[in-house]
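[1] need a 3D model of the following:
(one chain, ligands or ions: 1)
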Amino acid sequence: MNTTQQHDEATECLTEKLRALGVAEARAAFVLGSGLGPFADRLQNATRIPYAELAGMPTSGVPGHEGQLVLGEIEGRLLVVQQGRVHFYEGWSARQVTRCVRSFANLGIDLLMLTNAAGGMDPSWELPTLMRITDHINLQGRPPLNRGEASQACPYDSELGELMDRSAQKVGVELQRGIYMGLFGPTYETPAEVRMASWAGASAVGMSTVAEATVARSAGMRVAAVSAITNPAAGISKTPLNHAEVVEAGRALASRFCILLEAFVETAVEPNP
Ligand code: HPA
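    Below is the predicted model of the structure:
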């Protein structure tokens with residue numbers, strides 16, 4: 001058996017396990033990035049499934065990533081939430097990084113909300129803040145799609161984007177818009193790399209999201225994404241960055257982030273029957 005077959009079997013196994021847990025009833029899937037786990041704690045009637053109990057589900061060793069799937073409701077809408085994700089820089093492959101998203105798509109879940117922590121490059125933004133991702137630049141050096149899978153121009157759905165903007169306005173949460181540049185990590189960027197990212201038109205740099213967005217869109221899901229801009233990117237920041245500060249800033253943003261996401265769910269997601 002070659003590696004492609006093994007990986008596909010692992011995804012099928014995970015999909016069937018999730019189906020048995022009732023995940024196919026979820027109206028939308030969420031992936032929560034570093035320090036953004038508190039959103040999952042707001043779900044009503046929640047069931048928590050540690051990744052360790054899901055065969056084939058890779059588990060992150062990065063602090064700030066809880067490593068469990070949460071199935072629960074917001075105002076009558078059943079959601080499935082990945083509380084923590086894995087990254088390329090931990091040694092996971094593209095298939096492993098995107099396996100759970102592929103399973104969500106296989107179960108027929110139509111809407112995916114991706115979130116992450118990122119460094120910001122726009123000097124006019126007061127940090128920390130939230131940014132809706134309008135498009136991305138993939139400099140992770142790993143092709144997210146398998147050979148033969150159709151790629152789409154921009155993975156992020158503009159109608160969902162507008163609903164997110166409107167939700168932000170409604171609840172009075174500041175939401176910037178910008179392009180996310182995905183880099184491999186885990187080292188933070190050099191000031192020269194951050195200048196390159198700015199010249200390329202990016203407003204934020206981070207180490208996740210692009211593969212999941214690309215795969216989900218290719219599989220027919222509608223994708224929305226939001227970055228928690230936790231820190232000024234290297235060179236803009238006067239002090240060296242570290243992950244603990246990123247997680248801390250993510251937590252400081254958590255209540256705004258949760259209010260925005262809840263408003264978005266109520267606007268963009270249909271209640272379950
Ligand atoms: N760079 C890359 N990833 C990040 C950053 C950053 O400055 N902050 C949070 N995640």
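[2] quick one, what contacts the closest residue to Asp122 other than its chain neighbours?
    Take Asp122 and drop its neighbours on the chain: the residue closest to it by Cβ to Cβ, 6 or more residues apart in numbering is Ser203, 5.1 Å away. For glycine as for every other residue, the C-beta is placed from the backbone atoms N, C-alpha and C. Applying Cβ atoms under 8 Å, 6 or more residues apart in numbering to Ser203 gives the contacts 120-122, 131, 176-180.
[3] got it, and Ala197?
    121, 137, 181, 189, 205, 233.
[4] pretty sure the last one sits against Arg195.
    No: taking contacts as Cβ atoms under 8 Å, Ala233 lies outside contact range of Arg195: 9.6 Å.
[5] which one's more surrounded, the two?
    More neighbours surround Ala233 than the other of Ala233 and Arg195, with 27 against 16 (other Cβ atoms under 10 Å).
[6] which one is that one nearest to, not counting chain neighbours?
    Gly119 (3.4 Å).
[7] residues in contact with the residue nearest the centre of the chain?
    For the chain, the residue nearest the mean C-alpha position is Leu114 (2.7 Å; Cα atoms, centre = their mean). Leu114 is in contact with 31, 33, 133, 209, 212-213, 216, 223-226, counting by Cβ under 8 Å, 6+ apart.
[8] inside strands: which ones of those?
    31, 133, 223-226 (DSSP state E).
[9] rewinding a little: which helix or strand contains the residue nearest to the centre of the chain?
    Taking DSSP states H and E as the criterion, Leu114 maps to strand 111-120.
[10] and for the helix or strand bottoming out on mean pLDDT in the chain, what's in contact with it?
    Across the helices and strands of the chain, mean confidence by mean pLDDT, DSSP states H and E is lowest for helix 3-20: a mean of 83. Residues from elsewhere that reach helix 3-20 (Cβ under 8 Å, 6+ apart): 24, 54-57, 69, 80, 93, 95-96, 99-100, 102-104, 106-107, 146.
[11] which bits of this structure sit near the ligand?
    By the rule Cβ under 6 Å from any ligand atom, the part of the chain lying against the ligand is 117-119, 188-189, 205-207, 230-231, 233, 241, 246.
[12] so where do the strands sit in this structure?
    Under DSSP E, the chain gives strands at 28-32, 44-50, 68-74, 77-83, 111-120, 129-139, 175-183, 204-206, 222-232.
[13] let's have these in TSV, adding mean pLDDT.
    Formatted as TSV, the strands of the chain follow (pLDDT from 0 to 100):
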stretch	mean pLDDT
strand 28-32	97
strand 44-50	96
strand 68-74	97
strand 77-83	97
strand 111-120	96
strand 129-139	97
strand 175-183	98
strand 204-206	98
strand 222-232	96
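[14] among those strands, which is nearest Leu160?
    For those, the distance to Leu160 is smallest for strand 222-232, at 4.1 Å, taking Cβ to Cβ.
[15] other SSEs contacting the closest one?
    strand 111-120, strand 129-139, helix 158-171, strand 175-183, strand 204-206, helix 210-218, helix 243-268 (3 or more Cβ pairs under 8 Å, 6 or more residues apart in numbering; DSSP states H and E).
[16] returning to what we had before: most neighbours of all the contacts of Ser203, which one?
    Tyr180 (29 neighbours).
[17] how far away is that one from Ser208?
    Going from Tyr180 to Ser208 by Cβ to Cβ, to the nearest Å gives 9 Å.
[18] who touches both of those two?
    Counting by Cβ under 8 Å, 6+ apart, the residues touching both Tyr180 and Ser208 are Asn116.
[19] so in terms of bridging, what pairs with the closest residue to the ligand within the stretch 101-250 of the chain?
    Residue nearest to the ligand within the stretch 101-250 of the chain: Gly119 (2.1 Å; Cβ to the nearest ligand atom). Judged by DSSP bridges, the bridge partners of Gly119 are Val205, Asn231.
[20] give me the neighbour count for it.
    27.
[21] one more: Glu12?
    14.
[22] what about it, distance to Arg99?
    10 Å.
[23] check Leu71 too.
    For Leu71, the distance to Arg99 - Cβ to Cβ - is 17 Å.
[24] ok, those two, which is more surrounded?
    Taking other Cβ under 10 Å, Leu71 and Arg99 do not tie; Arg99 has more neighbours (26 against 21).
[25] kindly export stretch 219-235 (C-alpha atoms) in PDB.
    Taking C-alpha atoms only, stretch 219-235 is exported to PDB below (Å, rounded to 0.1, in the frame of the first residue of the first chain):
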ATOM      1  CA  ALA A 219     -14.100  20.200  -1.700                       C
ATOM      2  CA  GLY A 220     -16.900  22.600  -2.200                       C
ATOM      3  CA  MET A 221     -17.200  24.200   1.200                       C
ATOM      4  CA  ARG A 222     -17.800  27.900   1.700                       C
ATOM      5  CA  VAL A 223     -14.900  29.300   3.700                       C
ATOM      6  CA  ALA A 224     -14.600  32.300   6.000                       C
ATOM      7  CA  ALA A 225     -11.500  33.100   8.000                       C
ATOM      8  CA  VAL A 226     -10.400  35.500  10.700                       C
ATOM      9  CA  SER A 227      -7.000  36.300  12.200                       C
ATOM     10  CA  ALA A 228      -6.400  37.500  15.700                       C
ATOM     11  CA  ILE A 229      -3.600  40.000  15.100                       C
ATOM     12  CA  THR A 230      -1.900  39.400  18.400                       C
ATOM     13  CA  ASN A 231       1.400  41.400  17.800                       C
ATOM     14  CA  PRO A 232       3.100  43.700  15.400                       C
ATOM     15  CA  ALA A 233       5.200  41.500  13.000                       C
ATOM     16  CA  ALA A 234       9.000  41.300  13.400                       C
ATOM     17  CA  GLY A 235      10.800  44.500  12.500                       C
END
